[in-house]
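Peer 1: Sharing a model that was predicted from the sequence below.
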Amino acid sequence: MLEALIAILIILITFVILPGLGGFQARARWHSFRNRIMKSALFPQVIFGTGSLDGPLGAFRFTGRIEALLGDDTLLLRGKGVSIRATLSGADLYMLPDEGTVTPDARSLLEERLPEYNPRPLSWRRITSLQEGAKVYVVGFLESREGILRMYGSRDVPLLAVLHEGNDVVPRSVWSGRQKNAYWNTLTPWSLLAGSMALFIMATSAFRSQTDAGFARMLLTAALFPVVPLIPPGLIFFFIYLSAWRRARFLRAERDLLGLSAYLRAGDAEESMIGWGDGLPRNTVPLIRSCKRRALRSEITALLSFFVGFSVNVILIMVVLNAVT
(Lines give C-alpha, C1' and ligand atoms only; values in the text may rest on other atoms or scores of the structure.)
Protein backbone atom coordinates (compact mmCIF):
# COMPACT_ATOMS: atom_id res chain seq x y z
CA MET A 1 0.00 0.00 0.00
CA LEU A 2 1.38 3.36 -1.08
CA GLU A 3 -0.08 5.20 1.91
CA ALA A 4 1.63 2.80 4.33
CA LEU A 5 4.98 3.29 2.60
CA ILE A 6 4.59 7.08 2.77
CA ALA A 7 3.69 6.87 6.47
CA ILE A 8 6.74 4.71 7.20
CA LEU A 9 8.98 7.17 5.36
CA ILE A 10 7.51 10.10 7.31
CA ILE A 11 8.08 8.29 10.61
CA LEU A 12 11.66 7.35 9.73
CA ILE A 13 12.62 10.79 8.42
CA THR A 14 10.90 13.04 10.98
CA PHE A 15 11.02 10.88 14.12
CA VAL A 16 14.35 9.09 13.61
CA ILE A 17 16.68 10.38 10.90
CA LEU A 18 16.43 14.17 11.33
CA PRO A 19 16.57 14.16 15.17
CA GLY A 20 19.34 11.56 14.93
CA LEU A 21 21.41 13.73 12.60
CA GLY A 22 20.91 16.69 14.92
CA GLY A 23 21.93 14.50 17.84
CA PHE A 24 25.16 13.39 16.17
CA GLN A 25 25.91 17.02 15.34
CA ALA A 26 25.28 18.10 18.94
CA ARG A 27 27.42 15.28 20.37
CA ALA A 28 30.26 16.11 17.99
CA ARG A 29 30.07 19.82 18.86
CA TRP A 30 30.22 19.24 22.61
CA HIS A 31 32.91 16.57 22.25
CA SER A 32 35.02 19.11 20.34
CA PHE A 33 34.30 21.75 22.98
CA ARG A 34 35.45 19.53 25.85
CA ASN A 35 38.58 18.42 23.98
CA ARG A 36 39.55 21.98 23.12
CA ILE A 37 39.04 23.13 26.70
CA MET A 38 40.99 20.18 28.08
CA LYS A 39 43.92 20.65 25.68
CA SER A 40 44.01 24.39 26.42
CA ALA A 41 44.96 23.61 30.03
CA LEU A 42 48.45 22.69 28.81
CA PHE A 43 48.87 25.85 26.73
CA PRO A 44 51.10 28.54 28.25
CA GLN A 45 49.17 31.34 29.89
CA VAL A 46 49.55 34.95 28.83
CA ILE A 47 51.31 36.72 31.71
CA PHE A 48 53.32 39.87 32.24
CA GLY A 49 56.39 39.72 30.03
CA THR A 50 54.84 37.48 27.38
CA GLY A 51 55.76 38.65 23.88
CA SER A 52 58.80 40.78 24.64
CA LEU A 53 59.85 40.28 20.99
CA ASP A 54 57.64 40.87 17.96
CA GLY A 55 56.43 37.85 16.02
CA PRO A 56 54.12 34.83 16.29
CA LEU A 57 54.17 33.16 19.71
CA GLY A 58 51.95 30.11 19.20
CA ALA A 59 48.95 28.70 21.09
CA PHE A 60 48.16 30.45 24.37
CA ARG A 61 45.34 30.76 26.88
CA PHE A 62 44.28 33.94 28.60
CA THR A 63 42.15 34.58 31.67
CA GLY A 64 40.93 38.08 32.34
CA ARG A 65 38.05 40.52 31.92
CA ILE A 66 36.50 42.46 29.09
CA GLU A 67 37.75 46.04 29.16
CA ALA A 68 36.50 47.61 25.92
CA LEU A 69 35.28 47.00 22.38
CA LEU A 70 37.76 47.98 19.69
CA GLY A 71 36.32 48.36 16.22
CA ASP A 72 33.80 45.88 14.88
CA ASP A 73 35.40 42.57 15.81
CA THR A 74 37.99 43.04 18.55
CA LEU A 75 37.84 43.14 22.33
CA LEU A 76 40.43 44.61 24.66
CA LEU A 77 40.94 42.13 27.50
CA ARG A 78 42.85 42.78 30.69
CA GLY A 79 44.38 40.15 32.93
CA LYS A 80 46.87 40.31 35.78
CA GLY A 81 49.43 42.84 34.63
CA VAL A 82 48.83 42.26 30.93
CA SER A 83 46.34 43.24 28.21
CA ILE A 84 45.62 41.62 24.87
CA ARG A 85 43.45 42.32 21.86
CA ALA A 86 41.32 39.37 20.82
CA THR A 87 39.58 39.14 17.44
CA LEU A 88 36.41 37.30 18.44
CA SER A 89 34.01 37.95 15.57
CA GLY A 90 34.67 34.51 14.06
CA ALA A 91 35.35 32.68 17.30
CA ASP A 92 33.33 30.00 19.07
CA LEU A 93 31.73 31.86 21.97
CA TYR A 94 30.08 30.30 25.01
CA MET A 95 28.67 31.46 28.34
CA LEU A 96 29.12 29.16 31.32
CA PRO A 97 25.91 29.28 33.42
CA ASP A 98 26.01 30.81 36.89
CA GLU A 99 25.00 27.52 38.48
CA GLY A 100 28.39 26.15 37.46
CA THR A 101 30.34 28.67 39.57
CA VAL A 102 31.16 25.98 42.12
CA THR A 103 34.07 23.90 40.93
CA PRO A 104 33.23 20.17 40.79
CA ASP A 105 35.28 18.55 43.53
CA ALA A 106 36.73 15.21 42.45
CA ARG A 107 36.84 14.08 46.07
CA SER A 108 33.12 14.44 46.66
CA LEU A 109 31.31 14.08 43.33
CA LEU A 110 27.60 13.76 43.97
CA GLU A 111 24.87 13.22 41.42
CA GLU A 112 22.96 16.29 42.59
CA ARG A 113 26.03 18.36 41.67
CA LEU A 114 25.45 17.62 37.98
CA PRO A 115 24.73 20.94 36.25
CA GLU A 116 21.33 21.16 34.61
CA TYR A 117 22.54 23.51 31.88
CA ASN A 118 25.48 23.28 29.53
CA PRO A 119 27.50 26.28 28.31
CA ARG A 120 25.29 28.43 26.11
CA PRO A 121 26.59 29.35 22.62
CA LEU A 122 26.74 33.11 22.05
CA SER A 123 26.74 35.26 18.96
CA TRP A 124 29.29 38.03 18.49
CA ARG A 125 26.46 40.60 18.69
CA ARG A 126 25.47 39.22 22.10
CA ILE A 127 28.99 39.36 23.52
CA THR A 128 29.50 43.00 22.50
CA SER A 129 26.47 43.97 24.57
CA LEU A 130 27.94 42.57 27.78
CA GLN A 131 29.07 44.93 30.48
CA GLU A 132 32.72 45.75 30.91
CA GLY A 133 34.40 43.63 33.54
CA ALA A 134 32.81 40.32 32.48
CA LYS A 135 35.23 37.44 33.07
CA VAL A 136 36.41 35.59 29.99
CA TYR A 137 38.67 32.64 29.19
CA VAL A 138 40.18 32.78 25.69
CA VAL A 139 42.20 30.20 23.76
CA GLY A 140 43.85 30.99 20.46
CA PHE A 141 47.00 31.88 18.53
CA LEU A 142 49.02 34.74 20.02
CA GLU A 143 51.35 37.15 18.34
CA SER A 144 53.20 40.29 19.40
CA ARG A 145 53.16 43.22 17.02
CA GLU A 146 54.73 46.58 17.90
CA GLY A 147 54.48 45.75 21.57
CA ILE A 148 50.78 44.81 21.36
CA LEU A 149 49.62 41.28 22.07
CA ARG A 150 46.96 40.04 19.65
CA MET A 151 45.05 36.77 19.86
CA TYR A 152 43.11 35.27 16.96
CA GLY A 153 42.12 31.92 15.53
CA SER A 154 44.33 29.86 13.26
CA ARG A 155 43.76 26.62 11.38
CA ASP A 156 45.43 24.57 14.12
CA VAL A 157 44.13 26.63 17.05
CA PRO A 158 40.62 27.99 16.38
CA LEU A 159 39.69 30.80 18.73
CA LEU A 160 37.50 29.79 21.66
CA ALA A 161 36.11 32.13 24.32
CA VAL A 162 34.11 31.21 27.45
CA LEU A 163 32.42 33.89 29.53
CA HIS A 164 32.03 32.79 33.11
CA GLU A 165 31.86 33.62 36.79
CA GLY A 166 33.87 32.06 39.58
CA ASN A 167 37.16 30.23 39.10
CA ASP A 168 38.51 27.01 37.61
CA VAL A 169 36.83 27.50 34.25
CA VAL A 170 38.59 24.47 32.70
CA PRO A 171 37.20 21.71 35.00
CA ARG A 172 33.82 23.44 35.16
CA SER A 173 33.58 23.59 31.37
CA VAL A 174 34.61 19.94 30.98
CA TRP A 175 32.13 18.99 33.71
CA SER A 176 29.13 20.75 32.17
CA GLY A 177 30.00 20.68 28.44
CA ARG A 178 27.61 17.94 27.42
CA GLN A 179 24.16 17.84 25.81
CA LYS A 180 21.43 16.87 28.28
CA ASN A 181 19.85 14.63 25.67
CA ALA A 182 21.32 14.44 22.18
CA TYR A 183 17.98 13.35 20.68
CA TRP A 184 16.41 16.64 21.77
CA ASN A 185 18.29 19.20 19.70
CA THR A 186 17.53 22.18 17.46
CA LEU A 187 16.10 19.94 14.71
CA THR A 188 13.89 17.79 16.94
CA PRO A 189 10.91 20.10 17.73
CA TRP A 190 10.39 21.13 14.12
CA SER A 191 10.91 17.62 12.82
CA LEU A 192 8.44 16.10 15.30
CA LEU A 193 5.90 18.82 14.55
CA ALA A 194 6.16 18.30 10.78
CA GLY A 195 5.89 14.52 11.12
CA SER A 196 2.93 14.67 13.50
CA MET A 197 1.05 17.13 11.29
CA ALA A 198 1.66 15.04 8.17
CA LEU A 199 0.52 11.83 9.88
CA PHE A 200 -2.51 13.56 11.40
CA ILE A 201 -3.58 14.80 7.96
CA MET A 202 -3.17 11.29 6.57
CA ALA A 203 -5.15 9.82 9.48
CA THR A 204 -7.97 12.34 8.99
CA SER A 205 -8.13 11.50 5.30
CA ALA A 206 -8.15 7.76 6.06
CA PHE A 207 -11.00 8.13 8.58
CA ARG A 208 -13.06 10.12 6.07
CA SER A 209 -12.55 7.62 3.27
CA GLN A 210 -13.43 4.73 5.64
CA THR A 211 -11.33 2.37 3.54
CA ASP A 212 -9.25 0.90 6.35
CA ALA A 213 -10.14 1.86 9.93
CA GLY A 214 -7.23 -0.12 11.38
CA PHE A 215 -4.71 1.72 9.22
CA ALA A 216 -6.31 5.05 10.17
CA ARG A 217 -5.98 4.22 13.86
CA MET A 218 -2.30 3.37 13.41
CA LEU A 219 -1.71 6.67 11.61
CA LEU A 220 -3.38 8.63 14.39
CA THR A 221 -1.36 6.75 17.03
CA ALA A 222 1.84 7.51 15.14
CA ALA A 223 0.86 11.19 14.90
CA LEU A 224 0.68 11.26 18.70
CA PHE A 225 4.27 10.02 19.01
CA PRO A 226 5.64 13.18 20.74
CA VAL A 227 3.09 12.92 23.58
CA VAL A 228 2.70 9.14 23.85
CA PRO A 229 5.45 8.75 26.54
CA LEU A 230 3.75 11.43 28.70
CA ILE A 231 0.44 9.60 29.05
CA PRO A 232 -0.27 7.38 32.09
CA PRO A 233 0.44 4.57 32.79
CA GLY A 234 3.58 4.75 30.63
CA LEU A 235 4.48 8.03 32.31
CA ILE A 236 5.93 6.02 35.21
CA PHE A 237 8.45 4.42 32.85
CA PHE A 238 9.21 7.83 31.37
CA PHE A 239 10.29 9.08 34.81
CA ILE A 240 12.46 5.98 35.19
CA TYR A 241 13.96 6.79 31.80
CA LEU A 242 14.73 10.37 32.85
CA SER A 243 16.37 9.22 36.09
CA ALA A 244 18.51 6.57 34.39
CA TRP A 245 19.53 8.93 31.57
CA ARG A 246 20.50 11.63 34.08
CA ARG A 247 22.58 9.06 35.95
CA ALA A 248 24.35 8.10 32.72
CA ARG A 249 25.07 11.74 31.96
CA PHE A 250 26.49 12.23 35.44
CA LEU A 251 28.77 9.19 35.06
CA ARG A 252 30.05 10.42 31.71
CA ALA A 253 30.72 13.85 33.18
CA GLU A 254 32.61 12.17 36.03
CA ARG A 255 34.60 10.18 33.47
CA ASP A 256 35.50 13.43 31.71
CA LEU A 257 36.78 14.93 34.97
CA LEU A 258 38.87 11.85 35.67
CA GLY A 259 40.25 12.06 32.13
CA LEU A 260 41.05 15.74 32.62
CA SER A 261 42.98 15.02 35.80
CA ALA A 262 44.94 12.23 34.11
CA TYR A 263 45.65 14.50 31.13
CA LEU A 264 46.96 17.27 33.37
CA ARG A 265 49.21 14.92 35.30
CA ALA A 266 50.60 13.39 32.12
CA GLY A 267 51.29 16.80 30.59
CA ASP A 268 53.32 19.75 31.76
CA ALA A 269 50.44 21.62 33.41
CA GLU A 270 50.80 24.50 35.83
CA GLU A 271 50.74 23.69 39.53
CA SER A 272 47.38 25.46 39.95
CA MET A 273 45.74 23.13 37.43
CA ILE A 274 47.43 20.00 38.69
CA GLY A 275 46.36 20.87 42.23
CA TRP A 276 42.71 20.80 41.23
CA GLY A 277 42.76 17.00 40.94
CA ASP A 278 44.78 16.24 44.08
CA GLY A 279 41.83 14.42 45.64
CA LEU A 280 41.75 11.85 42.88
CA PRO A 281 43.57 8.51 43.03
CA ARG A 282 46.81 8.47 41.10
CA ASN A 283 45.60 5.64 38.86
CA THR A 284 42.37 6.90 37.28
CA VAL A 285 42.19 4.30 34.48
CA PRO A 286 40.06 1.76 36.47
CA LEU A 287 37.72 4.54 37.57
CA ILE A 288 37.32 5.82 34.01
CA ARG A 289 36.50 2.31 32.79
CA SER A 290 34.05 1.84 35.65
CA CYS A 291 32.29 5.10 34.79
CA LYS A 292 31.98 4.05 31.15
CA ARG A 293 30.51 0.65 32.08
CA ARG A 294 28.03 2.09 34.57
CA ALA A 295 27.04 4.85 32.15
CA LEU A 296 26.35 2.26 29.44
CA ARG A 297 24.20 0.21 31.83
CA SER A 298 22.24 3.30 32.82
CA GLU A 299 21.69 4.23 29.18
CA ILE A 300 20.44 0.73 28.37
CA THR A 301 18.11 0.89 31.39
CA ALA A 302 16.83 4.27 30.21
CA LEU A 303 16.16 3.08 26.66
CA LEU A 304 14.43 -0.11 27.83
CA SER A 305 12.24 1.90 30.22
CA PHE A 306 11.30 4.31 27.46
CA PHE A 307 10.47 1.44 25.08
CA VAL A 308 8.32 -0.37 27.66
CA GLY A 309 6.39 2.76 28.61
CA PHE A 310 5.95 3.76 24.98
CA SER A 311 4.72 0.28 24.02
CA VAL A 312 2.24 0.15 26.91
CA ASN A 313 0.77 3.51 25.93
CA VAL A 314 0.59 2.61 22.23
CA ILE A 315 -1.38 -0.53 23.07
CA LEU A 316 -3.68 1.47 25.35
CA ILE A 317 -4.27 4.14 22.68
CA MET A 318 -5.05 1.51 20.05
CA VAL A 319 -7.56 -0.16 22.38
CA VAL A 320 -9.26 3.18 23.09
CA LEU A 321 -9.37 4.16 19.40
CA ASN A 322 -10.75 0.75 18.49
CA ALA A 323 -13.56 1.29 21.00
CA VAL A 324 -14.52 4.80 19.92
CA THR A 325 -13.99 4.68 16.15
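Peer 2: Yes, it's here.

Peer 1: from what I can see residue 139 touches residue 42, true?
Peer 2: No. In this structure, residue 139 is not within contact of residue 42 by CB atoms under 8 Å, at 10.9 Å. To be clear about C-beta, it is placed using only N, CA and C from the backbone, and glycine gets the same treatment.

Peer 1: So the two - more neighbours on which side?
Peer 2: Between residue 139 and residue 42, counted using other CB atoms under 10 Å, residue 139 has the larger neighbour count: 26 against 16.

Peer 1: measure that one to residue 222 for me?
Peer 2: Computed with CB to CB, to the nearest Å, the distance linking residue 139 and residue 222 is 46 Å.

Peer 1: Also residue 153?
Peer 2: To residue 222, residue 153 is 46 Å away according to CB to CB.

Peer 1: More neighbours: those two, which one.
Peer 2: Neighbour totals were compared for residue 153 and residue 222, and residue 222 leads with 22 against 19 (other CB under 10 Å).

Peer 1: for the more buried one, helix, strand, or coil?
Peer 2: Here residue 222 is recorded as helix under DSSP: H, G, I helix; E, B strand; the rest coil.

Peer 1: again, but for residue 89
Peer 2: State at residue 89, reduced to three classes by three-state DSSP: coil.

Peer 1: Torsion angles phi and psi at it?
Peer 2: Residue 89 adopts backbone torsions of phi -60, psi -30, taken as degrees, to the nearest 10.

Peer 1: pLDDT at the closest residue to it other than its chain neighbours, what is it?
Peer 2: Excluding its sequence neighbours, the residue lying closest to residue 89 (CB to CB, 6 or more residues apart in numbering) is residue 73, at 3.3 Å. pLDDT recorded at residue 73 is 80.

Peer 1: Please work out the average pLDDT along the biggest strand by length in the chain.
Peer 2: What stands out as the longest strand in the chain, according to DSSP state E, is strand 55-70. Averaged across strand 55-70, pLDDT comes to 89.

Peer 1: going forward can the numbers begin at 787, since that is how I track them
Peer 2: Got it, the first residue is 787 from now on, which makes the last one we talked about strand 841-856.

Peer 1: for that strand, packing partners?
Peer 2: strand 860-864, strand 869-873, strand 921-931 (3 or more CB pairs under 8 Å, 6 or more residues apart in numbering; DSSP states H and E).

Peer 1: ok, then the element right after the worst-scoring helix or strand of the chain on mean pLDDT?
Peer 2: When each helix and strand of the chain is scored by mean pLDDT, DSSP states H and E, helix 1057-1062 comes last, with a mean of 54. Following helix 1057-1062 in sequence order, the next helix or strand is helix 1071-1110 (DSSP states H and E).

Peer 1: Can you tell me the SS state at residue 817?
Peer 2: Following three-state DSSP, residue 817 is assigned to helix.

Peer 1: What's the separation between it and residue 1002?
Peer 2: According to CB to CB, residue 817 and residue 1002 sit 43 Å apart.

Peer 1: now the strands: where do they sit in the stretch 937-1086 of the chain?
Peer 2: Assigned by DSSP state E, counting those that start in this stretch, the stretch 937-1086 of the chain shows strands spanning 946-950.

Peer 1: Contacts for stretch 831-850 next, please.
Peer 2: 826-827, 829-830, 863-870, 872, 921-933, 935, 937, 942-943, 955, 1056 (CB atoms under 8 Å, 6 or more residues apart in numbering).

Peer 1: If any of those are buried, give me the PyMOL selection for them.
Peer 2: Only the buried members of the contacts of stretch 831-850 enter the following PyMOL selection, criterion being 16 or more other CB atoms under 10 Å:
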select buried, resi 826+827+829+863+864+865+868+870+872+921+922+923+924+925+926+927+928+929+930+935+937+943+955
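
Peer 1: got the contact list for the nearest residue to residue 809 once chain neighbours are set aside?
Peer 2: Counting by CB to CB, 6+ apart, residue 809 lies nearest to residue 968, which is 3.6 Å off, once chain neighbours are set aside. Residues near residue 968 by CB under 8 Å, 6+ apart: 809-810, 812-813.

Peer 1: Now for these: which two are most distant?
Peer 2: Largest separation among the contacts of residue 968 by CB to CB: 810 and 812, giving 7.4 Å.

Peer 1: Those two: who's more crowded?
Peer 2: Neighbours per residue (other CB under 10 Å) separate residue 810 from residue 812, with residue 812 holding more: 22 against 12.

Peer 1: The more buried one contacts residue 969, correct?
Peer 2: No. Counting by CB under 8 Å, no contact exists between residue 812 and residue 969, whose distance comes to 9.1 Å.

Peer 1: Now do residue 1022: how many residues are near it, please.
Peer 2: Neighbour number of residue 1022 under other CB under 10 Å is 13.

Peer 1: Just give the closest residue to it, not the sequence neighbours.
Peer 2: Spatial nearest neighbour of residue 1022, excluding adjacent residues (CB to CB, 6+ apart): residue 1095 at 6.9 Å.

Peer 1: show me the contacts for that neighbour.
Peer 2: 1015, 1020-1024, 1026-1027.
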